[in-house]
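>>> could you work out the structure for the sequence below:
(one chain, ligands or ions: 1)
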Amino acid sequence: MRLIGHKTPGLPFLLRRFRPYLCNCTMAQTKKIRVAVAQMTSINDIDANFDTCARLTEKAAGEGAMLMCLPECFSFIGAESLSIAEDMDGPIMLRYCELARKWNIWISLGGFQEKGENDKHMFNTHVLVDDLGNIKTKYRKIHLFDVDVPGNKIFKESAFTASGTDIIVADSPVGRVGLTICYDLRFPELYHQLRFQHHAQILLVPSAFTKITGQAHWEVLLRTRAIENQCYVIAAAQTGKHSENRESYGDSLIIDPWGTVVARLPDRLTTDIVLADIDPSIIDDVRTKMPICEHRRPDIYEKKKD
Ligand SMILES: O=C(O)CNC(=O)[C@H](CS)NC(=O)CCC(=O)C(=O)O
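The predicted structure is shown next:
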């Protein structure tokens with residue numbers, strides 16, 4: 001160190017020097033609401049997928065995230081979905097609840113094969129687990145993907161999945177979250193209900209979008225949902241090839257209520273997490289300056305056509 005002959009530092013220097021510490025003091029008071037979004041390539045192996053989720057959750061917790069978002073099919077993807085479906089208190093869910101408790105982190109389990117009311121149909125269920133490992137709430141996918149994807153194949157989710165019937169929000173340390181899954185993204189009414197009737201602040205859209213539809217629609221739909229509902233959107237994605245005949249479109253994203261992408265995992269074969277800090281003042285600011293909640297006219301939209 002060359003202190004000898006060094007000038008006594010003036011006040012501006014001292015302020016500059018210590019500003020980071022002063023800023024940290026105020027930051028400590030307004031606690032950061034850090035969230036993590038995961039991206040992965042699930043396969044038809046429950047243990048291998050769990051190991052991936054466990055590794056990513058440990059990383060998210062280590063980075064100070066309060067909520068970890070895993071994609072649809074985080075625990076399993078494959079033709080045997082129906083036969084591996086379990087009850088909510090089955091061994092698969094128990095293991096993931098234990099993971100949340102171990103790392104003291106909330107986990108959005110984006111799409112779990114929940115045993116249905118008969119042997120032919122399960123539910124595609126998004127489960128929110130709190131940091132003590134308790135199931136806070138669950139949402140059963142409402143819109144089933146019965147679609148002829150151009151240049152790909154015909155999907156018929158309703159052949160083995162029953163539709164959910166309830167709109168679900170939950171209060172969490174990161175704010176009020178609205179739960180949805182994948183193909184739901186194409187139905188704006190659901191998100192309008194989540195925002196305008198149930199007061200969601202953060203919309204969760206865990207997915208396993210097809211490569212073809214994802215390339216065409218994924219990001220523009222997600223940003224639209226964020227903008228038109230003035231909510232954060234957290235979209236955990238499956239990516240890459242799961243098997244010979246199934247491939248998903250990546251780019252896990254976190255989008256702020258102005259529609260800006262604040263975190264992105266690019267669509268390569270990346271298995272990782274990315275973080276963002278939720279800022280509730282951005283939600284309030286966007287909503288106050290552009291009060292669409294007051295300007296919308298459900299009285300007109302819902303008028304019957306005569
Ligand atoms: O089949 C499973 O194992 C779990 N379910 C899914 O992955 C579902 C139904 S096949 N996929 C989608 O909803 C894709 C939507 C989509 O790609 C779009 O809307 O464009």
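
>>> ok, and does stretch 156-167 reach over to the ligand?
Yes - using C-beta under 6 Å from any ligand atom, stretch 156-167 reaches the ligand at Glu157. C-beta coordinates here come from the backbone N, C-alpha and C atoms, glycine included.

>>> Ile273 and Asp284, how far apart?
27 Å (C-beta to C-beta, to the nearest Å).

>>> these two: who's more crowded?
Ile273 (25 against 13; other C-beta atoms under 10 Å).

>>> where does that one land in three-state SS?
Recorded secondary structure, Ile273: strand (DSSP: H, G, I helix; E, B strand; the rest coil).

>>> ok, the closest residue to it other than its chain neighbours - contacts?
Take Ile273 and drop its neighbours on the chain: the residue closest to it by C-beta to C-beta, 6 or more residues apart in numbering is Ala36, 4.6 Å away. Ala36 makes contact with 56, 59-60, 63, 65, 67-69, 273-275 under the criterion C-beta atoms under 8 Å, 6 or more residues apart in numbering.

>>> just the pLDDT at Lys305, thanks.
Per-residue pLDDT puts Lys305 at 84.

>>> from Ile273, how far out is it?
The spacing between Lys305 and Ile273, counted by C-beta to C-beta, is 48 Å.

>>> could you do Ile300 as well?
According to C-beta to C-beta, Ile300 stands 43 Å off from Ile273.

>>> check Thr41 too.
Relative to Ile273, and taking C-beta to C-beta, Thr41 is found at 14 Å.

>>> which stretches of the stretch 1-150 of the chain have low pLDDT?
For the stretch 1-150 of the chain, the stretches with pLDDT under 70 are 1-31.

>>> near the ligand, which residues of it?
Going by C-beta under 6 Å from any ligand atom, the residues of the stretch 1-150 of the chain near the ligand are 72-73, 77, 81, 124, 145.

>>> ok, 8 Å please
Taking C-beta under 8 Å from any ligand atom as the contact definition, the stretch 1-150 of the chain meets the ligand at 72-73, 76-78, 81, 111, 113, 124, 141, 143-145, 147, 149.

>>> out of the residues you listed, which are buried?
Buried subset of these (neighbour count, 16 or more other C-beta atoms under 10 Å): 72-73, 76-78, 81, 111, 113, 124, 141, 143-145, 147.

>>> nearest to Asn49, of those?
Ranked by distance to Asn49 (C-beta to C-beta), those are led by Phe76 at 6.3 Å.

>>> in which helix or strand would I find the residue in the stretch 201-306 of the chain that the ligand sits nearest to?
Closest residue of the stretch 201-306 of the chain to the ligand, C-beta to the nearest ligand atom: Thr213 (2.9 Å). Secondary structure from DSSP states H and E places Thr213 in helix 211-229.

>>> contact partners of that helix?
147, 149-152, 185-186, 188, 191-192, 194-196, 200, 203, 205, 207, 209, 231-233, 235, 237, 247-251, 253, 255-259, 261, 267, 292.

>>> next: stretch 239-251.
39-44, 77-78, 153, 207-215, 218-219, 237-238, 252, 264-271.

>>> which of the residues you listed count as buried?
By 16+ other C-beta under 10 Å, those give 39-44, 77-78, 207-211, 213-214, 218-219, 237-238, 252, 264-265, 267, 270-271 as buried.

>>> and the helices in the protein?
11-29, 46-62, 81-84, 91-103, 188-192, 211-229, 280-289, 292-295, 298-301 (DSSP state H).

>>> for the fifth one, packing partners?
It refers to helix 188-192. Helices and strands touching helix 188-192, by 3 or more C-beta pairs under 8 Å, 6 or more residues apart in numbering; DSSP states H and E, are helix 211-229.
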